[in-house]
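Q: Compute the structure for the input listed below.
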Amino acid sequence: MSKLEEELPGPLAGDVAASIEAKLGSDLHALASAIAGCRFCPRGGKGIPGCGEAGALLFFLAGMPGPGAERGDPWGGWRPLLQHKAAEMGWDLAGAYYSTALRCRLPKVTRWDLRRCAHFLAEELIMVGPRLVVVSGKVAAVALREALGDVIPENPMAGDTCSLYAMRFLFELDIARVVHEEKAAAVFWNILGGAEDLYGERQG
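A: Numbers count the residues shown, from 1 in each chain. Here you go, the predicted structure:
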């Protein structure tokens, strides 16, 4: 049973949920095309959309595309690391959604860059409608505030949470640090391991 079917009681719930999911899937596809074709930054026309399905319970948000990122895989080399470690904790990330605040890798990130991409992030979050968004790093946190407003903390610390539109946001260290710094990795996995109650249901 999908999340929408759980939330829509009655004999027509399955049909209604299927129609809504089809519409959201179509909207996500259109958004991905808009991101890939965006020409408003120095790398115009090479934006990398998020990947996953509408209704995903978990949404992982990084600041910008990871090493080796491409369309269909915005986290690149970070994704297998995340999936492997999460599996060790008993989490199944097969249905998770992966995205980035900036859709291109830029050598220097400005507030204007984040504002330019903010509408993409806001639309994506509303379309996917996850239960838990894991926000990885300062760039992602600032971008989230630009996208959703000041209900998002201005300077969240790793482990802080907030809620908006039935979504919970968990702020983490930057996944790029986790790859290279042993202490950062320990903090990151400790925080994620304690997030089961935020997620709403354990996977695996």
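Q: can you pull out the strands in this protein?
A: If DSSP state E is used as the criterion, the strands of the chain fall at 58-62, 97-100, 132-136, 161-164, 167-172.
Q: Throw the ones you listed into CSV and include mean neighbour count and mean pLDDT, thanks.
A: Every C-beta, even on glycine, is put in place using the N, C-alpha and C of the backbone. As requested, the strands of the chain are exported to CSV (neighbours: other CB atoms under 10 Å; pLDDT from 0 to 100):
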stretch, mean neighbour count, mean pLDDT
strand 58-62, 27, 97
strand 97-100, 26, 98
strand 132-136, 25, 97
strand 161-164, 14, 94
strand 167-172, 22, 96
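Q: In JSON lines: those strands, plus distance to G50.
A: Written out in JSON lines, the entries for these read as follows (distance: least, CB to CB, whole Å):
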{"stretch": "strand 58-62", "distance to G50": "8"}
{"stretch": "strand 97-100", "distance to G50": "3"}
{"stretch": "strand 132-136", "distance to G50": "11"}
{"stretch": "strand 161-164", "distance to G50": "18"}
{"stretch": "strand 167-172", "distance to G50": "15"}
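Q: for the chain, what's the longest helix?
A: When every helix of the chain is counted residue by residue (DSSP state H), the longest turns out to be helix 13-37.
Q: what does it contact?
A: 2, 4-5, 8, 45-50, 53-55, 71, 103, 120, 123-124, 127-129 (CB atoms under 8 Å, 6 or more residues apart in numbering).
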